[in-house]
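# Pasting the sequence and the predicted model now:
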Amino acid sequence: MYFKIASGNIKKCYKDYTIYFLTLILAVCIFYSFNSIDSQKALWDIKSSNAKYIEKLMDIISYFSIFVSVILVSLILYANNFLIKKRKKELGIYMTLGMSKRKISRILVTETSIVGAISLIGGLILGIGSAQVLSVSTLKLFDIGMNEYRFAVSISAIGKTILYFGIMFLLVMIFNVFVISRYKIIDLLAADKKNENIKYKNPFIYLASFVLSVVLLAFSYKSILKIGLEPKNTMFILSVAISIAGTVLFFFSLSGAVLYIISKNKKVYFKGLNIFVVKQINSKFNTNFISMSVICFMLFITILILSTGISLKKDFEASLNKIAPFDASIILYANDENNNIEEVLNKIDFKISENEKATTYNEYASAVELKELLSVEDETFEGYFGSFVKISDYNKILKLRGEKEINLKKDEVLILSNYSKLVKPINEKLENNNKVNINGKEYFVKNHEAIQDNLNDFIIEATFCTIVINDEFLPNSKVFKSVINVMYTDKNREENNKKYDQIKNSSIDGEYSSLGIADIDAHSKDSVYSGGKRVTTSELFIGLYLGIVFLITTMAVLALQQLSEASDSIERYKALKRIGASKKMINKTIFIQTLMHFTLPVIMALIHSVIGVAVVNKEIGIYNPIDIRFSALITALIFVVVYIGYFYITYTGYKNIVKNNM
C-alpha cells in the first residue's frame, strides 16, 4: 500500500521532481566518474612511477569525495525541504483523514527510497558513459595511445557511490520523519496562507547599505590587489572579511535600493506589471540575501578553481622547453669542500656515456644588489642579487642546444631573467637605459630585453637575474653552483633517465652525506615533464570535480528558491489574472524574475572572480606565467551549458506551477 501511494505521488508530482531528479542524477554521475579513474587498465600498465601516482590521485579524490558528500547531502536536504514545504497542504489532508504521522513518515520514506533508487540507477548509467570520456581524456593526459583504451566499469566506484548516496538518502529519511513529527495539522493546512515578514521597510536604510556595500567592496578589491595572495598577512584576512561583509550587504540592500529608485520614475514603475515584478524581486531578496551571498561565493570559487586549474596544466606544458631545455642536468650547490661538478661525479662513480653530449658551467655568487646593478630605486629589486656566468660557458650551453654563439666586447654583458616579478622592471630599465654598474664600472647590456632562459633543467623558471660577462671579470669569484647539462644522442630515453633519477633519489635519501656531498640535485626533461604533469593533472581533476559539484549545487539552489517562490506567490498571480493580466504578461514577469534571480549572483561572482583570478595569476606567474584566456573560455562553456539548462527548467517549472494553480 505504501509503495503504491508513494509511486502515485511521484507520478502525480513528477514535474516538481524535475530539478530534484536532474540534480541527483548529475551528482551521482559526477561522483562515479571521478571515482572510477582507476578502472582504466592502461593507466596501471604504464611505468610504475605513474601507476603509483594514479593510486595517490585516487586517494586524493577519495578524501575530496567526503567533502563533496557533505555539499551534496546539504543540497539534497535543501531540495527535500522544498518538496515537503510544497506538499504541506497534501500532508495536512492526510492527517485530517486520520492518517497518523508514523504512516505519513513511512510514505515519505518509501518515496525517498524510490527517488533514490531511480536517481542512482540513472546517474550510474550516465556516469558509466561519462567515465569513458574521462578515461579517454586521462589517457591523453598521460600520452597513452588510444589503442590502449578499453571500455571499463569500476565495481569499486559503483560500491562507493551506492554507499555514499545510500547514507545521504538515509539522512533525508531521518530528516523527513523528524520534520513530520513536529508539524501540526493547522500549520500544514494553512501553509499557503502565510505571508513573508519583510523587515526594514525604510528605503534610506537600503540606499545607505547599498552605498556602504560598494565602498566596502571597492576597498577590499584595492587592498587584495595590492597585497596579493598572502593568507598570513593580517590585512589580507581583513580585506577578505570586508569583501564578505560587502557582498552580504550588497544583496541585502540591492533590491530595496532598486525599488526606491524605480518607484521615483513613475513611467517605468507603473508600466505594465513592473510594480509587481520589482516587489516580487524585493520580497525574495529580503528573505534570501544570506543564501544569495553564499551562492555568489560558491560560484566565485567555481570560476576560480576551474579557470586556474585548466590554465596551470595548459601553460605548464607550453613552458616545458623553457624550464627544461636539456635532456638532463646535474646541479651541485657548491661549498668549500665540493665546488667542481666533475670531481663530485667521480666520487659517486657517475660517468657520462657515449650516447650523451655534455657540457659544464659554473655560476658565480655576487654581492651586487640589483638596485645597485641597474641604478634604480625600484622596491621590486629589494633583496635580490645578481649572479655571473662566463661567456665561454654560456656559449657552450648555446652550442649544446644547437644555437648560435654570442661574442661580447670587454664592456658588454648579457642579462638573463625569467622570474616574471623581475622581468618587466628589468625590461623597462633596459628600454630607457642599457647601462649597468658592476663594481663601480659601467657596462653596456647587449640585449634590449631580458633573455628568458633556464641555464639547466629545473621544475620552474628560476633564473632571477644572471649576468653573462667576459671570462676575465671572474678570475677569483666564488662558485655557488656547478652544473653539467646533457643531451642524448640516441632514442633510449627511459634507460638514460634512470641514472639521473637515481642521483636525485639518492640525494633525497641522504646516501651521499658520507662522502661529504650534501647539496646535489638532478633533473631529466622527462622527469620534469612527468612531475609537473602529475601536479597539474591532480589540480585539474580536483578543480573539475569540485567546480562542477559547486556549479550544480548553486544552480540547483537558485532553481529551488524560484520554484518555492512560485508556490508561495500563487494567490498573487490569481489576483493579477482577476485584474485582467494576460498569460503573456504573467509569463513575462516570471521570465524577468527568474532571469534576475539567476543573473545577479553570477554577475557579482564574475566581478569577484576578475579580482581573484588576477591575484592568483600574479602569484603563480612569478614562477610560471599563465594565460587565462583558454581556460576562461572552457570555464565559460561549462558554466553556460549548466546555467542555461537549469534556467530553462526553472522557468518552465515556474510557469507550470502558476498555470496549474490558476
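On my side now, so go ahead. Numbers count the residues shown, from 1 in each chain.
# separation between the nearest residue to residue 273 once chain neighbours are set aside and residue 656?
Leaving aside its sequence neighbours, residue 273 sits nearest to residue 589 (CB to CB, 6 or more residues apart in numbering; 5.0 Å). In short, each C-beta sits where N, CA and C put it, glycine included. Applying CB to CB, to the nearest Å, the value for residue 589 to residue 656 is 15 Å.
# residues contacting the residue nearest to residue 273?
273, 276, 277, 280, 576 (CB atoms under 8 Å, 6 or more residues apart in numbering).
# Include secondary structure and pLDDT when you put these into TSV, please.
Formatted as TSV, these follow (DSSP: H, G, I helix; E, B strand; the rest coil; pLDDT from 0 to 100):
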residue	secondary structure	pLDDT
273	coil	72
276	helix	78
277	helix	75
280	helix	75
576	helix	77
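# Just the buried residues of those residues.
Listed as buried from these are 273, 276, 277, 280, 576; burial here means 16 or more other CB atoms under 10 Å.
# you'd agree the second one is up against residue 577?
No - shown here, residue 276 and residue 577 do not form a contact pair, counting by CB atoms under 8 Å, at 11.9 Å.
# ok, back up a step: residue 547: which of the contacts of residue 589 is nearest?
residue 280 (31.5 Å; CB to CB).
# That closest one: what's it in contact with?
Contacts of residue 280 (CB under 8 Å, 6+ apart): 565, 569, 572, 589, 593.
# and the helix or strand that residue 275 is a member of, how far from the chain's centre?
Assigned by DSSP states H and E, residue 275 belongs to helix 274-318. Offset of helix 274-318 from its chain centre (CA atoms, centre = their mean, to the nearest Å): 13 Å.
# now swap in stretch 348-363 and tell me
42 Å.
# buried stuff in that stretch?
348, 350, 356, 358, 359, 360, 361, 362, 363.
# Give me the residues contacting that stretch.
Under CB under 8 Å, 6+ apart, the answer for stretch 348-363 is 327, 330, 341-342, 345, 387-390, 393-394, 396-397, 399-400, 455, 466, 479-490, 492, 496, 499, 503, 506, 512, 515, 517.
# mind checking the backbone torsions on residue 462?
phi -130, psi 30 (degrees, to the nearest 10).
# Surely it is in contact with residue 419?
Yes - Residue 462 lies in contact with residue 419 (CB under 8 Å); the separation is 7.0 Å.
# In terms of neighbours, single out the busier of these two.
residue 419 (18 against 13; other CB atoms under 10 Å).
# Just read off the phi/psi values of that one.
Torsion angles, degrees, to the nearest 10, at residue 419: phi -80, psi 110.
# ok, now how distant is the residue nearest to it when sequence neighbours are not counted from residue 422?
Nearest in space to residue 419, with sequence neighbours left out and distances taken as CB to CB, 6+ apart, is residue 464 at 4.8 Å. Using CB to CB, residue 464 is found at 6 Å from residue 422.
# Check the contact lists of the two and give me the overlap.
Common neighbours of residue 464 and residue 422 (CB under 8 Å, 6+ apart) are residue 384.
# picking up where we left off before, what's the burial count for the residue nearest to residue 419?
The burial count for residue 464: 16, using other CB under 10 Å.
# Spell out the secondary structure type for it.
coil (DSSP: H, G, I helix; E, B strand; the rest coil).
# cool, the one 3 residues further on as well?
Using three-state DSSP as the criterion, the local structure at residue 467 reads strand.
# after the helix or strand hosting residue 225, next one along is what?
Using DSSP H and E, residue 225 sits within helix 203-227. Sequence-wise, the next helix or strand downstream of helix 203-227 (DSSP H and E) is helix 234-264.
# If anything else comes up later, I'll come back, but that's it for now.
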